[in-house]
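Visitor: Have a look; sequence and predicted model below, questions after that.
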Amino acid sequence: MSKFRIDSSFKTFGAFWAYDQPERKFTGTISSRKGTVEFEGAPEYTELDAQAMKAIFAEMTSAPDLQGSAAICGFTTLNRCTLLNPVQLSGDGLADFPTMQKVARVRYRAMRTVMGLHLESSDASVLSSAAYYLTQIHNIMPSPWRTKFTEGGMEHTVSNQALDVFACRSEYLKADVVCEVFAGGSNSIEGGVQIKPVPRIRITPDTPQSTDWFTALAFRLENFFSLMLGTSVEIEHVQLFQGEEDGWVVQKVNERKEKIDLQAWVRCKFTDTANALERWLAVPRDDQPVELTLLGALRKSDLFEETEFLTLAQALEGFGRIRFGGTKRRCAKYDDLIRKTYNLFTLGTAQQLAGECESFMKKIIQTRDYYTHLGNRKGTSAAKTLKDLFLLNKRLHAFLRGAMLIDLGIPEETFSQAIVYQATKWR
């Protein structure tokens, strides 16, 4: 079966049915435009009578049924598929009253599609494991081949077996996590033979899980490796396994392409990466908004400088409350949270990142107060211009990134150079 990207574009036709009504099949086409999958049923012709006319007028005056089925299964020219959580769109066609004829077709849009499998619903726990392929992480992975220099050039010996990079056990997820690298590439007359490492992260839970469960982990892996590389990492493929069968997730995703910056990458032992990933996956759902605020928002969209600063300031406060505790009745003050986060670093690294602690703290607090409390004057320590705000955002982003790496157990000596570079490269 073909390997589908998560944002694949294609068009195919076939026979379809609701998962729980396999005896009622209908034909149509499905098309995907960068992951947005829509179904269009084959047009149906009807000769109108008095009863049909009443039904048409009733449809005009009532709200359309947008519930749909939990899953629409299909047999197409691209193999099997399942449209999960389909939503009914406005109908398409024509009712011609003078001739008493009608032609119409139904349309649905799927929230998520799995090419290759028939599934009951997005929350049906029937999948045994999943494999995730992400952009850019191949740059920090070992090559699954051996290179030998000869008089005529170089010889590469490529293994058919995957190279194991690291593995960990997530007790929180009750799952095994394995990172491995395959050898991929191409062979053409124009480009010759090219080989490249193709890493994948495979997660195998103790008990079967749902499509929703596995796809939620896909975007958490994006955020984790974005944190490690300092560059936005994107999911390319999500492969789902159901016993001996497999399928590929297709859905709309927001992307933000960023240039690779080698100096911003964290280079640490793979054992440290495995331990950090284990901690990352163990973060409770209630504590994940800090991750989503810092990484999700900044990676997926371009923000105004003011909005970016408020997002970072909110993430900094959230990180402090989660990291250092506190209840609703006895919340630590914002300046105390900043000071405690600052003290997570060694003094030398903290000063390179943010300067002197009290000055850094006042700049953040006064800038935040100015943008959150309308009518306030700017304090003497607040960012004065958009350029100042831009530079503060870069330092604050690097500062938060470093704090989160420390929280994951990554040794400071392995990342301090990368985050100091990230904080100061815009000077």
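Guide: Looks like it came in fine.
Visitor: correct me, but His237 touches Asp7?
Guide: No: between His237 and Asp7 there is no contact under Cβ atoms under 8 Å: 10.0 Å. C-beta: built from backbone N, CA, C; applies to glycine.
Visitor: Which elements pack onto the lengthiest helix in the chain?
Guide: In the chain, with assignment by DSSP state H, the single longest helix is helix 386-407. Helices and strands touching helix 386-407, by 3 or more Cβ pairs under 8 Å, 6 or more residues apart in numbering; DSSP states H and E, are helix 211-229, helix 305-324, helix 347-354, helix 357-372, helix 412-424.
Visitor: Determine the angle, from 0 to 180 degrees, between that helix and helix 357-372.
Guide: With axes from the mean of the first three to the mean of the last three Cα atoms, to 10 degrees applied, the angle from helix 386-407 to helix 357-372 works out at 120 degrees.
Visitor: Can you tell me the SS state at Phe75?
Guide: In three-state terms, and counting by DSSP: H, G, I helix; E, B strand; the rest coil, Phe75 is strand.
Visitor: What of the one 10 residues further on?
Guide: Under the three-state scheme (three-state DSSP), the conformation of Asn85 reads as strand.
Visitor: so how far is the first residue of stretch 8-28 from its last?
Guide: Using Cα to Cα, to the nearest Å, one end of stretch 8-28 lies 19 Å from the other.
Visitor: Could you do stretch 234-252 as well?
Guide: One end of stretch 234-252 to the other measures 13 Å (Cα to Cα).
Visitor: Also stretch 119-136?
Guide: Length of stretch 119-136, first residue to last, Cα to Cα: 31 Å.
Visitor: ok, and the closest non-adjacent residue to Val126?
Guide: Pro208 (5.5 Å; Cβ to Cβ, 6 or more residues apart in numbering).
Visitor: do Asn275 as well
Guide: Spatial nearest neighbour of Asn275, chain neighbours left out: Gly409 (5.5 Å); criterion: Cβ to Cβ, 6+ apart.
Visitor: Check the gap between the one you found and Asn393 for me.
Guide: Distance of Gly409 to Asn393, given as Cβ to Cβ, to the nearest Å: 27 Å.
Visitor: ok, now Ala70?
Guide: For Ala70, the distance to Asn393 - Cβ to Cβ - is 43 Å.
Visitor: So between those two, which is more surrounded?
Guide: More neighbours surround Asn393 than the other of Ala70 and Asn393, with 21 against 18 (other Cβ atoms under 10 Å).
Visitor: pretty sure that one is in contact with Leu310, am I right?
Guide: No: contact between Asn393 and Leu310 fails when scored by Cβ under 8 Å: they sit 10.2 Å apart.
Visitor: all strands for the stretch 151-300 of the chain, in order.
Guide: Along the stretch 151-300 of the chain, the stretches classed as strands by DSSP state E, counting those that start in this stretch are 153-158, 163-170, 175-188, 192-205, 235-242, 245-250.
Visitor: what number of residues lie near Tyr108?
Guide: Number of residues near Tyr108 (other Cβ under 10 Å) recorded here: 22.
Visitor: nope, Asp123 is what I was after
Guide: 14.
Visitor: ok, it - contacts?
Guide: Applying Cβ atoms under 8 Å, 6 or more residues apart in numbering, we find Asp123 in contact with 210-212.
Visitor: Repeat that for Leu84.
Guide: Counting by Cβ under 8 Å, 6+ apart, Leu84 touches 70-71, 110-114, 119, 121-122, 211.
Visitor: List the beta-bridge partners for it.
Guide: Ala71, Arg112 (DSSP bridges).
Visitor: How about Glu47?
Guide: The partner residues for Glu47, given DSSP bridges, come to Gln101.
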